[in-house]
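# quick one, what's the 3D model for this:
(one chain, ligands or ions: 2)
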Amino acid sequence: PQIRQMLSSGVCTSTTQLPGKVAVVTGARVYIACRDVQKGELVAKEIQTMTGNQEVLVRKLDLADTKSIRTFAKDFLAEEKHLHILINNAGVMMCPYSKTADGFEMHIGVNHLGHFLLTHLLLEKLKESAPSRIVNVSSLAHHLGRIHFHDLQGQKFYSAGLAYCHSKLANILFTRELARRLKGSGVTAYSLHPGTVNSELVRHSSFMRCLWRLFFFFIKTPQQGAQTSLYCALTEGLENLSGNHFSDCHVTWVSAQARNETIARRLWDVSCDLLGIPMD
Ligand SMILES: NC(=O)C1=CN([C@@H]2O[C@H](COP(=O)(O)OP(=O)(O)OC[C@H]3O[C@@H](n4cnc5c(N)ncnc54)[C@H](OP(=O)(O)O)[C@@H]3O)[C@@H](O)[C@H]2O)C=CC1
Ligand SMILES: CC1=C(/C=C/C(C)=C/C=C/C(C)=C/C=O)C(C)(C)CCC1
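Ligands and ions are numbered 1, 2, ... in the order given. Sure, this is the predicted structure:
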């Protein structure tokens with residue numbers, strides 16, 4: 001029980017209420033922005049029943065297709081006056097080499113570039129709605145990541161495990177650069193490791209699926225895994241920690257690569273270039 005408690009710690013104790021506020025969570029809840037609308041509707045019904053909140057909306061968003069991201073953002077911007085919280089949560093891990101609709105390697109394409117474009121398209125709305133927050137779900141796995149600018153799409157060398165780590169490092173570099181650029185705007189950005197969570201993330205690896213089943217008792221439940229995301233999205237007075245990385249509802253350290261400002265700036269420029277976004 002002690003090991004279990006140690007591995008499952010961190011509880012968001014914020015009592016912040018959100019009347020009249022709008023939040024988008026990719027791959028999860030509230031404006032549920034997901035690629036499988038039927039699955040999303042089932043989750044929305046569950047949340048509505050559990051919370052009594054009928055304002056749980058489901059919208060199609062495939063982060064592996066920039067057209068889908070642009071359509072989601074366009075419709076959202078037409079529909080909503082405000083956006084206070086954007087949680088970039090969706091992710092894929094250890095998929096066999098594959099490409100997004102736009103030809104990006106799947107991990108960097110979905111986990112980093114998809115969220116980069118989504119954030120870019122919603123940024124004006126977030127600024128207009130300030131104070132507002134962007135929460136990027138990264139991972140402890142970023143420690144093994146490197147940004148190989150000469151082979152960002154893994155065409156020369158591909159390891160499914162490392163590709164995931166690289167994309168999670170990109171999440172942190174993106175967060176730090178975003179926080180730097182947004183200073184003074186009222187929009188703040190945070191990255192986090194949710195813990196080791198019992199979820200479908202391990203679907204592409206039979207080894208990881210076995211490990212997850214074997215250690216089922218020790219790993220976090222999805223509810224426990226959501227705590228640090230909630231903490232970053234809701235806790236009052238977190239603004240001066242913009243750009244930081246969190247784990248178990250505390251600021252935690254990141255790798256030397258993740259702290260490298262030159263890499264962060266270059267990744268920003270390369271991402272803009274790949275997505276056809278004007279650089280500023
Ligand atoms: N579980 C863990 O131990 C850890 C998880 N994380 C991070 O937590 C986040 C959440 O993952 P977790 O809940 O564990 O994993 P899951 O696989 O259970 O959830 C990931 C979600 O992302 C969605 N998704 C995947 N690809 C796309 C896409 N192209 N467009 C839109 N949505 C997509 C999935 O949709 P669908 O339901 O349709 O498949 C799913 O809802 C990820 O960013 C992951 O990297 C970090 C560290 C550890
Ligand atoms: C060694 C060990 C574990 C393995 C942890 C692993 C392998 C974590 C992987 C995390 C990943 C893949 C994060 C994704 O971003 C458990 C199961 C906690 C049980 C206790 C001992």
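
# what number of residues lie near Met93?
Counted with other CB atoms under 10 Å, residues neighbouring Met93 total 23. Quick note: C-beta positions are derived from backbone N, CA and C, even for glycine.

# how much space between it and Gly109?
13 Å (CB to CB, to the nearest Å).

# likewise Ala33?
Distance, Ala33 to Gly109, using CB to CB: 16 Å.

# compare the two (neighbour count), which wins?
In this view Ala33 and Gly109 are compared by other CB under 10 Å, and Ala33 has more residues nearby, 30 against 24.

# return the distance of the lowest-mean-pLDDT helix or strand in the chain from the chain's centre.
Least confident helix or strand, the chain: strand 23-26 with a mean of 71, by mean pLDDT, DSSP states H and E. Distance of strand 23-26 from the chain centroid (CA atoms, centre = their mean, to the nearest Å) equals 10 Å.

# same deal with stretch 231-242?
16 Å.

# and if you look at stretch 184-191?
Relative to its chain's centre, stretch 184-191 lies at 15 Å (CA atoms, centre = their mean).

# again with stretch 118-129
The answer for stretch 118-129 is 15 Å, by CA atoms, centre = their mean.

# how many residues are close by the nearest residue to Val11 once chain neighbours are set aside?
Computed as CB to CB, 6 or more residues apart in numbering, the closest residue to Val11 that is not its neighbour in sequence is Gln227, at 5.4 Å. By other CB under 10 Å, 21 other residues sit near Gln227.

# can you check Leu18 too?
As a burial measure, Leu18 scores 13 neighbours (other CB under 10 Å).

# repeat for Ala179
20.

# ok, now Leu152?
19.

# what pLDDT is listed against it?
Here the pLDDT value assigned to Leu152 is 97.

# where does the protein get nearest to ligand 1, residue-wise?
Gly91 (2.7 Å; CB to the nearest ligand atom).

# right, and that residue touches Asn136 too?
No - checked against CB atoms under 8 Å, the pair Gly91 and Asn136 is beyond contact range at 10.2 Å.

# of the two, who's got more company?
Asn136 (28 against 23).

# ok, the least confident helix or strand of the chain: who's next to it in the sheet?
Its sheet considered, strand 23-26 pairs with strand 31-34 (parallel), strand 85-88 (parallel) by DSSP bridges.

# adding mean pLDDT and distance to ligand 1, write the ones you listed out as TSV.
TSV is the format used below for the strands paired with strand 23-26 (pLDDT from 0 to 100; distance: least, CB to the nearest ligand atom, whole Å):
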stretch	mean pLDDT	distance to ligand 1
strand 31-34	93	5
strand 85-88	97	8
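
# pick the most buried one from the ones you listed.
Neighbour counts (mean count of other CB atoms under 10 Å) averaged over each of these peak at strand 85-88, with a mean of 27.

# then that strand to CSV, C-alphas only?
Extracted in CSV, the C-alpha atoms of strand 85-88 (Å, rounded to 0.1, in the frame of the first residue of the first chain):
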residue,chain,number,x,y,z
ILE,A,85,-8.5,26.6,-20.7
LEU,A,86,-7.0,24.5,-23.4
ILE,A,87,-5.7,21.1,-22.3
ASN,A,88,-3.6,19.5,-25.0
